Each structure stands twice: as structure tokens, then as C-alpha cells.
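Chemist: prediction below, plus the sequence it came from.
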Amino acid sequence: MEKVRKCLECNEPLRGRIDQKFCSDYCRNAYNNKQRRENKEIIRDIDKKLHKNRNILAKLCTYEKTATVKLALKAEGYNFNYLTNFFRTKNNAVYYFCYDYGFRYLDDTDKILIVKKQDYI
């Protein structure tokens, strides 16, 4: 007895090719859109956090470089778990960036230096 193949989207019986998965283009598109929607929501959430971090750094960085305290970033809602990249200088100072703004810790204190990324960095 042959197993009845069904559409992955609407569960209708399939007729035709043995490797067919969907009964129509509509079902194929609907199925794939559902699969992508979950990934898009995760990416959208991360992107919001990155943009918020970048905007906080931009707000606090009034010049090309601005010294402040870590508590000021926390008070604005900065999430230290999200960054786009980091950069290590020749002096082993590490800058943590969200797009074009970043910061580095000054010594071993709560003081930080916020910078706007320059072409030479």
C-alpha cells in the first residue's frame, strides 16, 4: 500500500512528482514565510538592542572622545551584552563598538572613554 503524501502547508494530498512537497505556489510561499518570520523576529530584536546601544553612546559622546562612568551608560539602558565588533590597539586597549561608536574601560575603574570611530581606528 502506497503512503499518501501531503502538502507541508495545508495537508492536502499531493498528486504528481514523487519529490513534491507543496500542492501550490501559494502553499510553498506561505510555508517558507512562516519559517523566515521566526528568524526575522530574533534578528529584529537584536538589531533594536544594537541601535539603542549606539544611540546611547552617541548621546553621551558630545565630542570625538568623552570620558564618563559605566553607571551613566547603565542609567540610559545600555546593554553590555550587545556589540557589533571590538578593536584592540597596539597598546592592548580594547574598544567595544556598536556600529560607529564605542568605548573602552579606563584603567581598572568604572570610568570609560566613549569614542566615535575614526578612519584610522
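Modeler: Received, thanks.
Chemist: packing partners for the helix or strand harbouring R36?
Modeler: Per DSSP states H and E: R36 is located in helix 25-60. Counting contacts by 3 or more Cβ pairs under 8 Å, 6 or more residues apart in numbering; DSSP states H and E, helix 25-60 packs against helix 70-76, strand 94-98, strand 101-105, strand 111-116. No exception for glycine: its C-beta is placed from N, CA and C like everyone else's.
Chemist: give me that answer again for 7 Å
Modeler: helix 70-76, strand 94-98, strand 101-105 (3 or more Cβ pairs under 7 Å, 6 or more residues apart in numbering; DSSP states H and E).
Chemist: looking at these, spot the one closest to C10.
Modeler: Nearest to C10, of all the helices and strands packed on helix 25-60, is strand 94-98, at 43.4 Å by Cβ to Cβ.
Chemist: for the closest one, the distance to its chain's centre please.
Modeler: Centre-to-centre, strand 94-98 and its host chain are 15 Å apart (Cα atoms, centre = their mean, to the nearest Å).
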